[in-house]
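Colleague: Below is the sequence, then the predicted model.
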Amino acid sequence: MKRLLLALLLAITHLANAATLDDLKDPTPWQASASDQVKASVSRDPRDDSLCLAYDFAGVSGYAVLRRELPVAWPADFALTTQLKGQGKPNDVQIKFVDASGDNVWWIHRPALALPDTLTEMRFKRRHVAFAWGPTEDRLLRQTRFIEFVVVAGQQGGGAGELCVGSLALEPREPAPKAWPEPRRTRRGGEVTLDFQRLREFNGLWFASGEATRIEASDDDRRWKLLADRPGRAVFLGEQEWRWLRVRHEGRKPPDVQLRDASQWPDRNAAIAEWAKALPRGDLPRAFVGEQNYWTVVGVDGGAQRSGLVSEDGAIELTRGGPSIEPAVRLADGRVVTWAQSRIEHGLVEQALPVVQWRHADVELRVEAAADGEARSPALLARYTLRNPTAKPQRYALLLALRPWQVNPPQQFLSTPGGVSPLPKLAWADGRLTAAGLTVKPRETPGEVRAARWSAGLGLTALLQAPPLQTLVDADELPSALMRFDVELAPGEARSLGWVTGGDASALDTRLAVAAAQWRDRLSHLDLRLPPLAQPVADTMRSALAQMLMSRDGPALRPGTRSYARAWVRDGAMMVAGLVRMGEAQAAREFVDWFGGYIFDSGKVPCCVDQRGADPVVENDSHGQYLFAVAELYRHTQDRELLVRHWPKVQKVVAWMDALRLSERKPDADPRFKGLMPPSISHEGYSDKPAYSYWDDFWALRGYKDAVQIAQALGEADQVKTWTASLDEFAADLASSIAATAQHYGLGYVAGAADRGDFDATSTTMALNPAQAENLAPELLRGTFDRYVTEAFARIDGAKAWKDYTPYELRNVSALVRLGRVDDAHRLLAWFFTHQRPAGWNQWAEVVLPDARQVQFLGDMPHAWISSDYLRAALDLFAYERETGLVLGAGLPASWRMAGHIGVAGLSTAWGRLDYRLERRAGGWTLFVDRVPERLAGDLRLAWSGSEPLPRASADGRELPWQGRELALPAGSTTVQLEARP
């Protein structure tokens with residue numbers, strides 16, 4: 001009775017303390033707004049007195065906002081209650097809370113929310129409110145001033161519709177205790193009831209021992225709700241709030257049931273991870289045993305949306321967000337060999353197709369994967385080669401387990417959350433395994449196919465003991481299937497088995513060979529002949545190109561296939577620069593034309609585009625990047641029709657840029673900011689608050705230069721004159737700003753942002769390439785890279801601890817080469833190569849950690865924008881462009897020159913194709929320029945890196961003078977003799 005009275009008292013107290021923040025009967029305080037080209041308005045629905053935000057996305061991405069000033073002091077714990085309804089597509093719905101500064105935002109984010117037709121109460125607790133962004137260091141929700149209801153265009157495209165809101169109330173709640181008391185237990189035969197003495201929130205149940213047959217819950221000890229029937233060891237329920245739990249069981253001893261709350265089990269991935277601890281190491285992937293795993297993409301050009309992944313341990317994810325197939329081998333004595341018992345090596349076929357090699361004393365397993373078919377419906381191909389490394393005949397069973405999780409691990413949360421991949425149904429019929437709309441066709445007939453529900457267990461033992469599969473429906477949507485293939489091998493003998501997801505499985509070997517040959521041909525436009533010590537540079541260049549092509553979705557150049565399901569113009573512009581230099585003009589052209597179709601009517605260039613349309617977020621690097629992409633593609637292809645197609649948009653974009661810079665060019669403007677692009681969050685380091693980022697300005701400078709070139713190519717004399725004036729004025733303002741910022745903060749380097757005075761050499765590389773900003777103060781530029789090299793080498797030498805870094809830093813390799821610091825560039829590059837993970841796949845993740853097994857979000861693997869950063873830096877080793885000409889060999893270190901011949905053939909430049917050879921001979925070298933770019937109007941130079949004496953140079957019997965460490969090649973001379981000096 002006392003417990004009942006206490007519960008009633010608490011309920012009455014909560015009701016009394018609940019406060020209506022806004023009954024929404026007065027629409028006056030509320031205002032509607034929207035992003036570019038989206039329409040929004042406010043109206044009242046007289047049927048239920050709700051306030052409605054009507055929106056129309058009109059074919060673009062973006063958002064519509066219903067906002068009012070509403071100061072709130074948030075209690076330590078609370079429940080926020082509102083009523084929502086609406087109509088339209090399932091768009092993302094957000095409730096935002098903004099502080100008085102307007103900079104710091106907290107939110108409740110519900111993606112793809114299907115709104116009910118009638119006002120329905122929705123209840124949110126403190127843990128549902130997350131810090132969204134802002135510069136504050138105190139991210140705890142304490143005090144806010146504004147509230148917003150936001151509709152964001154969903155993955156199906158925003159469409160038109162409305163979001164209606166009823167009253168908004170805040171109810172303070174008693175915070176959960178630091179430690180919950182033990183529940184009171186009551187036993188009645190084969191049943192135990194747990195009383196937690198107050199309402200208890202939990203997400204799941206873990207059975208440390210014993211088994212239950214039925215689990216029920218109640219909030220009044222009278223009415224009971226069934227939670228699970230015949231559960232397994234882990235029961236994930238999602239958010240629950242009950243006081244009593246009733247557990248029925250068989251046997252004398254009740255099971256030891258433990259609650260798991262939202263912090264312990266935020267999702268089913270956490271439940272799997274806890275289960276994994278109770279299983280033999282290797283039964284589940286590294287991702288569920290607390291280790292970072294690495295992976296790579298396998299797909300066809302343009303097929304990113306339906307690509308597969310291969311894990312470092314040999315698991316293959318069948319499609320984006322789909323299930324995976326994991327290998328294991330059972331030996332004749334019953335032992336099972338998994339990734340955990342094997343030494344694992346990695347390689348690539350034709351520098352494009354991944355290979356995983358297991359080595360064990362009793363068995364070897366080689367896993368190969370590829371894809372073929374059209375980009376819209378590619379098929380995956382997998383081959384498993386078992387080899388007997390022993391001196392005796394062996395019997396093996398290759399076990400291929402179809403698992404309800406991705407290779408993409410649980411800590412990956414952007415776009416495609418990693419981990420669990422629900423499988424409502426499994427079936428085996430007519431030699432095919434089907435799951436989640438996917439079909440796996442083994443080439444060889446398995447000895448048996450079994451399947452187990454989630455509740456039966458996740459280990460390989462449970463799968464091996466499971467019933468044969470015909471059709472299996474799992475209420476938890478997490479079943480697993482196992483295909484077993486029996487193989488007998490003589491000593492040293494090998495045999496292959498495999499499967500496909502489409503097409504003829506019997507032709508697997510031929511299809512794999514054709515896929516490899518196609519990639520070999522595709523990656524061979526540029527032919528590099530290098531000494532062996534330099535070969536990894538060339539191999540990674542070919543891999544980088546393959547990664548960029550596999551990561552694109554049709555014409556859309558994307559930085560990855562899982563975390564980044566959208567195309568940014570900044571990534572795309574820099575990929576275009578790499579693609580055209582490698583001879584991939586068509587892929588570049590497709591992107592430029594496709595992205596150009598999404599430019600806003602105003603001339604604003606969207607930062608990115610996805611299936612929802614153009615994104616309106618203000619990022620002021622975008623405009624220069626679009627102009628650069630158009631001009632760079634033209635420079636390499638001389639496709640005048642390209643310029644004609646884009647000319648109307650080019651004019652609008654330049655006008656938009658002019659308006660932006662002039663908005664900051666006021667007579668009384670701070671000299672640090674005068675004439676710059678306005679603040680934006682284009683630079684990821686400034687996502688907390690928009691900044692006057694020089695990254696934006698270097699791209700704007702490049703954009704103005706390219707606009708002038710485009711106008712010149714089209715014979716638009718008036719625009720050439722007008723835009724040249726804009727270019728000159730902007731270049732002068734930018735140089736003045738950089739100097740003023742350095743003086744303001746007392747800097748000896750170029751700042752990352754004019755209003756922060758921060759250091760960011762990787763951003764400043766844009767000043768050298770592509771901006772080629774001629775009027776930067778040399779001492780600031782030198783100071784920037786002096787500091788960068790000092791800090792980078794401190795990391796390399798272990799003198800400076802580091803938490804993580806992004807391989808965007810590869811851009812510094814190019815910058816150092818252009819500054820003549822080639823030895824520094826190669827020392828840095830060698831260190832970056834040590835962070836290709838796993839070694840042998842020639843790739844980088846977006847985030848690199850010093851501890852390779854530390855679990856953290858890594859972005860995409862491979863990250864195609866980083867692939868392009870590497871590709872452009874590596875190409876600059878062999879030749880790079882200046883505004884005035886072409887420089888050969890600036891990044892060739894002395895060790896390469898001494899080791900043998902160096903040959904470059906098929907390198908595309910802004911002035912045409914370049915072929916050259918630097919051949920080692922007794923007493924020196926001979927430079928053969930086999931093909932001079934046909935449109936080269938400037939000079940052609942050879943740079944000689946290092947500090948050793950310059951060789952004596954001659955052509956046609958005439959000695960040639962060095963200018964510093966550069967040699968200007970005479971017009972018409974294609975052979976230069978270089979005699980080593982003592």
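Modeller: Structure's in. What do you need?
Colleague: now the strands for the stretch 801-950 of the chain?
Modeller: Along the stretch 801-950 of the chain, the segments classed as strands by DSSP state E, counting those that start in this stretch run 879-882, 885-888, 902-909, 912-921, 924-931, 939-943.
Colleague: mind listing what's buried in the longest one?
Modeller: Within strand 912-921, the residues that qualify as buried are Gly912, Arg913, Leu914, Asp915, Tyr916, Arg917, Leu918, Arg920, counting by 16 or more other CB atoms under 10 Å. From N, CA and C alone the C-beta is placed, and that goes for glycine too.
Colleague: Specify which member of these is nearest to Arg67.
Modeller: Closest to Arg67 out of the buried residues of strand 912-921 is Gly912 (55.2 Å), distances taken as CB to CB.
Colleague: could you point out which element follows the top strand by length along the chain?
Modeller: Longest strand in the chain, counting residues (DSSP state E): strand 191-209. Per DSSP states H and E, the first helix or strand lying C-terminal to strand 191-209 is strand 214-218.
Colleague: Each with direction, which strands does that following strand pair with?
Modeller: strand 225-229 (antiparallel), strand 234-248 (antiparallel) (DSSP bridges).
Colleague: ok, residues contacting it?
Modeller: 205, 224-231, 235, 240, 242-248, 257 (CB atoms under 8 Å, 6 or more residues apart in numbering).
Colleague: re the thing from before, looking at the strands paired with strand 214-218, which is buried most?
Modeller: strand 234-248 (a mean of 19; mean count of other CB atoms under 10 Å).
Colleague: relative to strand 191-209, how tilted is it?
Modeller: Counting by axes from the mean of the first three to the mean of the last three CA atoms, to 10 degrees, strand 234-248 lies at 150 degrees to strand 191-209.
Colleague: before we move on, back to that, for the buried residues of strand 912-921, which one is nearest Arg387?
Modeller: Nearest to Arg387 among those: Arg920, at 40.8 Å, using CB to CB.
Colleague: Show the residue spans covered by the helices in the stretch 301-450 of the chain.
Modeller: With DSSP state H, counting those that start in this stretch as the criterion, the stretch 301-450 of the chain has no helices.
Colleague: Give me the pLDDT for the closest residue to Ala287 other than its chain neighbours.
Modeller: Counting by CB to CB, 6 or more residues apart in numbering, Ala287 lies nearest to Pro409, which is 3.6 Å off, once chain neighbours are set aside. Per-residue confidence (pLDDT) for Pro409: 97.
Colleague: List the residues that contact Pro409.
Modeller: Pro285, Arg286, Ala287, Gln292, Asn293, Gly418, Gly419, Val855.
Colleague: Any idea how many residues pack against Trp339?
Modeller: Neighbours of Trp339 under the rule other CB atoms under 10 Å: 22.
Colleague: Tally up the residues packed near the closest residue to it other than its chain neighbours, please.
Modeller: Excluding its sequence neighbours, the residue lying closest to Trp339 (CB to CB, 6+ apart) is Asp313, at 3.6 Å. Counted with other CB under 10 Å, residues neighbouring Asp313 total 24.
Colleague: Can you check the pLDDT for Asp313?
Modeller: Reported pLDDT for Asp313: 98.
Colleague: My guess is it contacts His346. True?
Modeller: No - in this structure Asp313 lies outside contact range of His346 using CB atoms under 8 Å: 10.1 Å.
Colleague: Run a quick neighbour tally on the residue nearest to Gly303 when sequence neighbours are not counted.
Modeller: Residue nearest to Gly303 in three dimensions, not counting chain neighbours: Ala375, with 4.0 Å by CB to CB, 6+ apart. For Ala375, the neighbour count with other CB under 10 Å is 19.
Colleague: what do you get for Ser43?
Modeller: Ser43: 14 surrounding residues under other CB under 10 Å.
Colleague: With Gly715 instead?
Modeller: Neighbour tally, Gly715, other CB under 10 Å: 8.
Colleague: same thing with Arg562?
Modeller: Other residues within reach of Arg562, judged by other CB under 10 Å, total 26.
Colleague: quick one: average confidence on the longest helix seen in the chain?
Modeller: In the chain, with assignment by DSSP state H, the single longest helix is helix 717-745. Averaging pLDDT along helix 717-745 yields 98.
Colleague: Next secondary structure element downstream of that helix?
Modeller: Using DSSP H and E, the helix or strand that follows helix 717-745 in sequence is helix 761-768.
Colleague: Next, the angle from that next one to helix 717-745.
Modeller: Per the same axes, to 10 degrees, the angle that helix 761-768 makes with helix 717-745 is 140 degrees.
Colleague: Run through the neighbouring helices and strands of whatever helix or strand comes next after helix 761-768.
Modeller: Moving toward the C-terminus from helix 761-768, the next helix or strand (DSSP H and E) is helix 778-796. If contacts are counted by 3 or more CB pairs under 8 Å, 6 or more residues apart in numbering; DSSP states H and E, helix 778-796 sits against helix 717-745, helix 761-768, helix 811-818, helix 822-833.
Colleague: what's in contact with the third one?
Modeller: What it means is helix 811-818. For helix 811-818, contacts defined as CB under 8 Å, 6+ apart pick out 761-762, 764-766, 768-769, 785, 788-789, 792, 822, 824-825, 828-829, 832, 869, 872-874, 876-877, 880, 890-891.
Colleague: try 7 Å
Modeller: 761-762, 765, 768-769, 785, 788, 824-825, 828-829, 869, 872-873, 876-877, 880, 890-891 (CB atoms under 7 Å, 6 or more residues apart in numbering).
Colleague: same check, this time on stretch 510-528
Modeller: Under the criterion CB under 7 Å, 6+ apart, residues 349-353, 368, 370-372, 381, 383, 538, 542, 545-546, 582-583, 903-907 lie in contact with stretch 510-528.
Colleague: try 6 Å
Modeller: Residues outside stretch 510-528 that contact it (CB atoms under 6 Å, 6 or more residues apart in numbering) are 349-350, 352-353, 370, 372, 381, 538, 542, 545, 582-583, 905-907.
Colleague: Return the subset of those residues lying in strands.
Modeller: Reading strands off these with DSSP E, I get Val349, Leu353, Ala370, Asp372, Leu381, Ala905, Gly906, Leu907.
Colleague: Now neighbour count, pLDDT and distance to Ala73 too, for those residues, in CSV please.
Modeller: As requested, the ones in strands among the contacts of stretch 510-528 are exported to CSV (neighbours: other CB atoms under 10 Å; pLDDT from 0 to 100; distance: CB to CB, whole Å):
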residue, neighbour count, pLDDT, distance to Ala73
Val349, 17, 98, 62
Leu353, 21, 98, 59
Ala370, 30, 98, 59
Asp372, 19, 98, 61
Leu381, 30, 98, 60
Ala905, 16, 98, 70
Gly906, 15, 98, 67
Leu907, 23, 98, 64
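Colleague: Just the strands from the stretch 201-350 of the chain, written as ranges.
Modeller: Here the stretch 201-350 of the chain has its strands, by DSSP E, counting those that start in this stretch, at 214-218, 225-229, 234-248, 256-260, 295-298, 308-311, 316-317, 324-331, 336-337, 343-349.
Colleague: would CSV of these with distance to Ala436 be doable?
Modeller: Output for those, formatted as CSV (distance: least, CB to CB, whole Å):
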stretch, distance to Ala436
strand 214-218, 28
strand 225-229, 23
strand 234-248, 19
strand 256-260, 27
strand 295-298, 19
strand 308-311, 14
strand 316-317, 12
strand 324-331, 12
strand 336-337, 26
strand 343-349, 28
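Colleague: Let me know the secondary structure of Glu632.
Modeller: helix (DSSP: H, G, I helix; E, B strand; the rest coil).
Colleague: Please tell me how far it sits from Leu643.
Modeller: For Glu632, the distance to Leu643 equals 12 Å [CB to CB, to the nearest Å].
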